[in-house]
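Trainee: Got a predicted structure plus its sequence, pasted below:
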Amino acid sequence: MQCKNRRCQSNIAVQVIIFHLNQIGDFCFSLPLVNAIRRRYPQSQICSVVRPHLVPLAERAKPVDTIAIRPEALTIAYLPLIRQLRARRADLAIVLPTSPGPSLLARLCGARRIVAFDNDWPRYFIAERIPYDTRPSLANNLRMAEYVADEVPKRDYVGLLSATAQDKSDAGRILSRYGIPGDQSFVVLATLASSHRLWKCWPLQRFAALATMLWEQAGLYPVFVGSVEETESVEALTGQMSVPAANLTGHTDTGQLLGVLARASLFIGQDSGPTHLSAALGRPTLAIFGPTDPQLTAPLGESSAVVYKNLPCSPCHEQAAECPNRKCLLSIEPEEVADQALSLSQ
């Protein structure tokens, strides 16, 4: 399988292995690449290699055929994975992480052709390297798609990920358990990010003010989602609110979360994984950006938007952890978020 100067016939069945990054948002950003390969080679068999927590997403990703699980640590546990991948006799392996492990795996799996991003590690044993913009982004993946598939028929992830009928049914039961009937409109609020990236989060108290406004102005029932680590802080927050709210943090698995998002009238969150899941499902999605760059990681699609002040000091990314005032976030008021969210959901 070659591209660019030696095009393949589009009806040739090829074995493709894609090594994905570990974050939810990064997985979503890889879907246009997977879709481009599927469209360029309709008979291809695409295997996504992911960490265990991404398996439910890969199962619901329309362009993916099979899944291989990459263990958390580079140990002897990798041997079964290597055997599984070698058995595929892959024509093409695509490496999206820039860490050494996936590049080494791609070489060990025996793929005829390996393409990776240009980084220190792949340079030692991967000949085909694509320019890389320092941070994981959709732009990187689209550049990869243009290289391996020549054309990119879809440049966003909307519709490439879906909630199953069972996901939606399970979500309905969970919402009912929290007193939210099937005909009740609700807004999903994702207040935090992963524990090592809390520097990019809008203050919790402002989410409480925002939720109150959306309930009083539009009758949108506030539903908070997130990981089990967030349960205590969100529980304390909802306990102080003067309007009804449901705290689903820690109470949904990935499929159930997708079901909740698919049923929501509106989603508001940080620059984090749940934001991209909502956007991928085509739901009205508003993301609050401060230290990170919306040009790199904004939610995609016509139903998505961002709130971003574009201050001279932003984006600064990880430097925000040491910022004494975080004006990029604290200058965003609940009123303006509510106004933009309601206009997006109309």
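Mentor: Yes, it's here.

Trainee: Count the residues that sit near the closest residue to D167 other than its chain neighbours.
Mentor: Spatial nearest neighbour of D167, chain neighbours left out: G259 (3.5 Å); criterion: Cβ to Cβ, 6 or more residues apart in numbering. Where you see a C-beta, it was placed from the backbone N, CA and C, and this is true even at glycine. G259: 26 surrounding residues under other Cβ atoms under 10 Å.

Trainee: Can you give the domain ranges for this structure?
Mentor: 15-149, 165-345 (automatic domain parsing).

Trainee: one step back: let me know the next secondary structure element after the helix or strand hosting the residue nearest to D167.
Mentor: According to DSSP states H and E, G259 maps onto helix 254-263. Where DSSP H and E defines the elements, the next helix or strand beyond helix 254-263 is strand 266-269.

Trainee: close enough to count as contact, the residue nearest to D167 and S162?
Mentor: No - contact between G259 and S162 fails when scored by Cβ atoms under 8 Å: they sit 10.5 Å apart.

Trainee: Of all the domains of the chain, which one is nearest D156?
Mentor: For D156, the closest of the domains of the chain is domain 165-345, at 3.8 Å, according to Cβ to Cβ.

Trainee: re earlier: now do the helix holding G259: distance to the chain's middle.
Mentor: The gap between where helix 254-263 is centred and where its chain is centred comes out at 14 Å by Cα atoms, centre = their mean, to the nearest Å.

Trainee: wait, isn't L31 in contact with Y157?
Mentor: Yes - the pair L31 / Y157 is scored as a contact, 4.3 Å apart, by Cβ under 8 Å.

Trainee: Now the common contact residues for these two.
Mentor: Residues touching both L31 and Y157 by Cβ atoms under 8 Å, 6 or more residues apart in numbering: A280.

Trainee: quick one, what contacts the residue nearest to D167?
Mentor: A163, T164, Q166, D167, K168, S169, D170, A171, G172.

Trainee: nearest residue to the fifth one other than its sequence neighbours?
Mentor: Closest residue to K168 apart from its sequence neighbours, by Cβ to Cβ, 6+ apart: G259 at 4.4 Å.

Trainee: measure the one you found to G250 for me?
Mentor: For G259, the distance to G250 (Cβ to Cβ, to the nearest Å) stands at 16 Å.

Trainee: And the next helix or strand past the helix or strand that contains V223?
Mentor: Assessed by DSSP H and E, V223 sits inside strand 221-225. Beyond strand 221-225 on the C-terminal side, the first helix or strand identified by DSSP H and E is helix 231-240.

Trainee: starting at the chain centroid, how far to that following helix?
Mentor: 25 Å.

Trainee: Next, the buried residues of stretch 150-161.
Mentor: Neighbour-count burial for stretch 150-161, counted by 16 or more other Cβ atoms under 10 Å, picks out V152, D156, Y157, V158, L160, L161.

Trainee: check contacts around the third one.
Mentor: Right, the one you point to is Y157. The neighbourhood of Y157, defined by Cβ under 8 Å, 6+ apart, consists of C28, F29, L31, P32, H276, A279, A280, L300, G301.

Trainee: And the strands in this structure, which stretches?
Mentor: All strands of the chain, identified by DSSP state E, fall at 15-19, 45-50, 66-69, 92-95, 114-117, 128-130, 186-190, 221-225, 246-247, 266-269, 285-288, 304-307.

Trainee: on contacts alone, who are the packing partners of the shortest one?
Mentor: The helices and strands touching strand 246-247, judged by 3 or more Cβ pairs under 8 Å, 6 or more residues apart in numbering; DSSP states H and E, are strand 221-225, helix 231-240.

Trainee: Those: which one's closest to T254?
Mentor: strand 221-225 (11.2 Å).

Trainee: any idea of the mean pLDDT in the closest one?
Mentor: Taken as a whole, strand 221-225 has an average pLDDT of 96.

Trainee: how distant is that strand from the center of its chain?
Mentor: Here the centre of strand 221-225 is set off from its chain's centre by 20 Å, with Cα atoms, centre = their mean.

Trainee: Show me what that strand is packed up against.
Mentor: Using 3+ Cβ pairs under 8 Å, 6+ apart, strand 221-225 sits against strand 186-190, helix 204-218, helix 231-240, strand 246-247, helix 254-263.
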